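Asks: Starting from these lines, generate the structure:
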Amino acid sequence: MRLRYASDDDTEEERPFWQHRRWQLSAAFLALALCTGTVAALSGGRDANSRGAAPAGPVIGALGSDGARPQDCRTDDSAQRLPSETPRDITWRPLNGAQTPVSASAGPLKTTGPLLWCFAHTPMGAVMAAHTISRQMSGPDWRTVSRQQLVPGLGRDYFDAMRASMPETGPVQTNNALAGFLVLTYSPSTATIRVLVRQAKALYASVDYIVDWNGVDWQLRPLNSGGLYSRVNPVISLVGFVLWNEV
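Replies: As a prediction, this is how the structure comes out:
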């Protein structure tokens, strides 16, 4: 099968993150704030105290005194090998304008208000968290998700400021689709997930996400610049990727 790939013509100059093709690409499954936004354009005082603020709305919770995860979240964490195939229990559900995978074993297993959480503490659980949390950032409850499922820090503050500057027009529908994934690195505390996107006309591209385990669940770690993923890279060959469907 011959693949086409995105050319250097797709590279864009810095401008408001929601105008980048990168944002439009990610709307297929995980519309996010672009990582190349200029931080000088952000208002510094608005989020200066946000890290210390108590989260509003639904809360996932903390570990119990016995070390148990909250709200009866129970997962089978025995599968620690890097995945070479997709779980057999995958189903697809619409989430903020795009079809997103859900696994009965890897997660998300719990829904608390708009929060989709309780991922397995495994490589596949990290994959599912990267797909699910990132996609939530294009929806109307992104603030709640950010407070609960993004790693706290300056990167999250920058993301919140950039995302808040985007008009709330609702999720963007797209013909792009998830095609596959690759676990680049994994440890019990952090993982880097490469996500493969199939665009129109058999174009493929990938972006990388980092998720961290906070003791309760996987959280998406924003870049220091406020973006949630690496730059979009063209993909020439699908070798090495675990494919969601035949492509």
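
Asks: Name the helix or strand for the most centrally placed residue in the chain, please.
Replies: Closest residue to the average C-alpha location of the chain: residue 134 at 2.6 Å, with Cα atoms, centre = their mean. Using DSSP states H and E, residue 134 maps to helix 123-136.

Asks: mind listing what residue 102 touches?
Replies: Residue 102 makes contact with 90, 91, 92, 93, 108, 128, 132, according to Cβ atoms under 8 Å, 6 or more residues apart in numbering. All C-beta spots, glycine's among them, are computed from the backbone N, C-alpha and C.

Asks: quick one: which of those residues sit in strands?
Replies: Among the contacts of residue 102, DSSP state E puts 90, 91, 92, 93 in strands.

Asks: Can you check the pLDDT for the second one?
Replies: Right, residue 91. On pLDDT, residue 91 comes in at 95.

Asks: ok, it to residue 164 distance?
Replies: Remark: distance between residue 91 and residue 164 (Cβ to Cβ, to the nearest Å) = 33 Å.

Asks: And for the third one?
Replies: Spatial separation of residue 92 from residue 164 under the definition Cβ to Cβ is 30 Å.

Asks: circling back to that earlier point, neighbour count for residue 91 and residue 164, which is higher?
Replies: Higher neighbour count among residue 91 and residue 164: residue 164, with 16 against 9, using other Cβ atoms under 10 Å.

Asks: Would you mind checking the contacts of residue 102 for buried ones?
Replies: Buried members of these, counted by 16 or more other Cβ atoms under 10 Å: 90, 108, 128, 132.

Asks: can you put those in JSON lines and add distance to residue 202?
Replies: Shown next, in JSON lines, are those (distance: Cβ to Cβ, whole Å):
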{"residue": "90", "distance to residue 202": "23"}
{"residue": "108", "distance to residue 202": "30"}
{"residue": "128", "distance to residue 202": "26"}
{"residue": "132", "distance to residue 202": "26"}
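
Asks: what's the closest of those residues to residue 78?
Replies: residue 128 (16.0 Å; Cβ to Cβ).

Asks: State the distance spanning the first to the last residue of stretch 136-155.
Replies: 17 Å (Cα to Cα, to the nearest Å).

Asks: Then stretch 186-193?
Replies: Stretch 186-193 has an end-to-end distance of 9 Å (criterion: Cα to Cα).

Asks: list the buried ones in stretch 199-209?
Replies: For stretch 199-209, burial by neighbour count (16+ other Cβ under 10 Å) applies to 199, 203, 204, 205, 206, 207, 208, 209.

Asks: Would you check which pair of those lies furthest apart?
Replies: Pairwise distances across the buried residues of stretch 199-209 peak at 20.2 Å for 203 and 209 (criterion: Cβ to Cβ).
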